[in-house]
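Q: model this:
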Amino acid sequence: MRADQSVESSRAQVAAAETTTSASAEEASVQLPSPSVPRWAVIGTFLLLLVASIAYGRAFLIPIVLGFLLALLFSPVRRFLERRGLPSGLSARSGRPST
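A: Numbers count the residues shown, from 1 in each chain. Take a look at the predicted model:
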């Protein structure tokens, strides 16, 4: 009898799961209304936040950008010196002022 009861309870659980799955599929197909915010407002807000974050992080970003630009500027000099046989550490050091 216990085997019959467990089989019946298993069938009931499977049937309940199928009902839940079909209900979930129906709920998933319901489309929500799209937000009515204009695209230009989203882009404008993003640009405003971008400019504000750059202005706020100016003390941190200026040395980073300056270092990147100097690396781009001295990269041809470093490559030239490396091609002439100067080791890479010395060729990189030659682009910086001595301390």
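Q: SS state for Ser36?
A: coil (DSSP: H, G, I helix; E, B strand; the rest coil).
Q: What about it, how many residues nearby?
A: Residues contacting Ser36 under the criterion other C-beta atoms under 10 Å number 5. Where C-beta positions appear, they are placed from N, C-alpha and C, glycine not excepted.
Q: Ok, Ser91 next?
A: By other C-beta under 10 Å, the residues close to Ser91 number 19.
Q: close enough to count as contact, it and Pro76?
A: No. Assessed by C-beta atoms under 8 Å, Ser91 is found out of contact with Pro76, at 11.2 Å.
Q: Just checking, which helix or strand succeeds the helix or strand of the chain with the lowest mean pLDDT along the chain?
A: The helix or strand with the lowest mean pLDDT-type score in the chain, counting by mean pLDDT, DSSP states H and E, is helix 2-28 (a mean of 61). Later in the chain than helix 2-28, the nearest helix or strand by DSSP states H and E is helix 39-56.
Q: What is the helix or strand following that following helix packed up against?
A: Remark: after helix 39-56, the chain's next helix or strand is helix 58-83, criterion DSSP H and E. With contacts defined as 3 or more C-beta pairs under 8 Å, 6 or more residues apart in numbering; DSSP states H and E, the packing partners of helix 58-83 are helix 88-94.
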